[in-house]
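In: What follows is a predicted protein model with its sequence.
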Amino acid sequence: MDHITLRYDSVLSDVHMLLPNARHLMTRLNHVGQPVFISNFKILSDVERLDNNDPGENAAEEKCDDPREKDTNATQGKVGDEGGQGNVEPCLDEDGDLDITHRPRKNPVQDSSRDFVCPIILKQSNPSLEQEEGNTDEEVDECIKDILRIEHTMATPLEDVGKQVWRGAFFLADFILSQTAMFSGATVLELGAGMGLTSIIMATRAKTVYCTDVGEDLLSMCKKNVTLNSHLTEPAGGEVRVRQLDWLQHSLCTDVEVDFSWTEEEVADMYDNTSFIVAADVCYDDDLTDGLFRTLYRLCSNFTHTCTIFISIEKRMNFTLRNMDVSCDAYNYFSHSLSQLRDLEDGRCSFRVEQLPSNVAQFLLYERTEQLELWKVTATPLPFDEARPDTEQLSSSPGFTQEQRSAADLSMQCAPVNS
């Protein structure tokens, strides 16, 4: 295979296009014939870490000294500031179209701090290139002790974007690394884990992480990444268990003949002990968003304890012919679903929703954009005398559709019974 031909429906993560000091080496083809790359992401030390307490002042640092920002900051004020760009009318060309001034970019050869990565394969990488010739085992161990190694694909159709790495996963990983005490010794469930980056980082803090997604090929790649990063998780005492969890199914697969199935003990442990649920950048499609919130509701309704949910999301601007304007339809639908969850009154549990500050310290090198958001949902079970399946109350609930409430009713029937 000499090169990749990008199809019209190919999706490529921004993380792979312009990543500082990264080497992307093709290692193999996965089970469905997609080229698999391995990338190294350095976990920054306290001295190296980027402080984002003031996003306005540290914008250049957050974007890894992007040369484009220097020119922009020199000519534009902050939005809303006097003399800035807050109330300036957009510039139009002679045809009435929006006239966009492109920011100048340095020659990548001259800017040695950034390497451009294009989705073109000249040849398969030699595994011996992954470590420098002549290094001893001790030197190699010292070199990789703070390196996160992730296998991933580079460009995929929309249905396979979980095989790539996305900024939302890095953003949630930053939050996890900044909250050492919060997750210490906890049992955590990740939904839509993709390549497992967030679960691996969580395992450096938590005791047990159930890393879940759907698709045998994707889960195989995810499990490989867990093995590649045992040098990070084992010293911390954390364990990552890669398991299948389909948001369209109402029960967990416990068939021993099926790969990545659950054991009965794991199902009981997950329901009894999960304190946190995390999801990184999984709401880019309305059907997936519906599936996520149905799953969250089903799980939290079956917990007997309070559970905290953290969801990272990136606003993505798209021009739509329907509106003839730029919009964030996927984000708007996600926001609406959050409101529905918050307002849900079914007598089983209550949900409190809040947006967290986005200025958490940056432990991993990626382009931190202002479109990244982090949301916290606290699910609290109601007292037993209030937590009763009231059909009339469910039918009048403003939160979920009839299909969602039917799924919730079925989940109660399938709830694990603890002895």
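Out: Thanks, I have the structure now.
In: give me phi/psi at residue 189?
Out: Dihedral pair for residue 189: phi -120, psi 130, per degrees, to the nearest 10.
In: Only C-alpha atoms, please: export the longest helix along the chain in PDB.
Out: Among the segments of the chain that qualify as a helix by DSSP state H, the longest is helix 286-302. What follows is helix 286-302, C-alpha atoms only, in PDB (Å, rounded to 0.1, in the frame of the first residue of the first chain):
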ATOM      1  CA  ASP A 286     -28.300  13.400  17.200                       C
ATOM      2  CA  ASP A 287     -29.000   9.700  17.300                       C
ATOM      3  CA  LEU A 288     -25.800   9.100  19.200                       C
ATOM      4  CA  THR A 289     -26.800  11.900  21.600                       C
ATOM      5  CA  ASP A 290     -30.200  10.200  22.200                       C
ATOM      6  CA  GLY A 291     -28.400   6.900  22.800                       C
ATOM      7  CA  LEU A 292     -26.000   8.500  25.300                       C
ATOM      8  CA  PHE A 293     -28.700  10.100  27.400                       C
ATOM      9  CA  ARG A 294     -30.900   7.100  27.400                       C
ATOM     10  CA  THR A 295     -27.900   5.000  28.600                       C
ATOM     11  CA  LEU A 296     -27.100   7.600  31.300                       C
ATOM     12  CA  TYR A 297     -30.700   7.600  32.500                       C
ATOM     13  CA  ARG A 298     -30.900   3.800  32.500                       C
ATOM     14  CA  LEU A 299     -27.700   3.400  34.400                       C
ATOM     15  CA  CYS A 300     -28.300   6.100  37.000                       C
ATOM     16  CA  SER A 301     -31.800   4.900  37.600                       C
ATOM     17  CA  ASN A 302     -30.400   1.500  38.600                       C
END
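In: which secondary structure elements does it contact?
Out: When contacts are defined as 3 or more CB pairs under 8 Å, 6 or more residues apart in numbering; DSSP states H and E, helix 286-302 packs onto strand 274-280, strand 307-314, helix 329-343, strand 349-356, strand 372-381, helix 402-413. Using the backbone N, CA and C atoms, a C-beta is placed for each residue, glycine as well.
In: Would you mind listing where the stretch 51-200 of the chain has pLDDT under the threshold?
Out: Scanning the stretch 51-200 of the chain for pLDDT under 70 picks out 51-90, 100-143.
In: if you set the cut-off to 80 instead, what comes out?
Out: Scanning the stretch 51-200 of the chain with the threshold set as pLDDT under 80 gives 51-144, 155.
In: that older thread, got the helices and strands packed on helix 286-302 as TSV, with mean pLDDT, mean neighbour count and distance to residue 253 columns?
Out: Formatted as TSV, the helices and strands packed on helix 286-302 follow (pLDDT from 0 to 100; neighbours: other CB atoms under 10 Å; distance: least, CB to CB, whole Å):
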stretch	mean pLDDT	mean neighbour count	distance to residue 253
strand 274-280	98	22	18
strand 307-314	97	22	22
helix 329-343	94	17	26
strand 349-356	96	15	25
strand 372-381	97	18	24
helix 402-413	46	15	15
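In: can you redo the ones you listed as a markdown table with distance to residue 286?
Out: Shown next, in a markdown table, are the helices and strands packed on helix 286-302 (distance: least, CB to CB, whole Å):
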| stretch | distance to residue 286 |
| --- | --- |
| strand 274-280 | 16 |
| strand 307-314 | 14 |
| helix 329-343 | 5 |
| strand 349-356 | 19 |
| strand 372-381 | 17 |
| helix 402-413 | 13 |
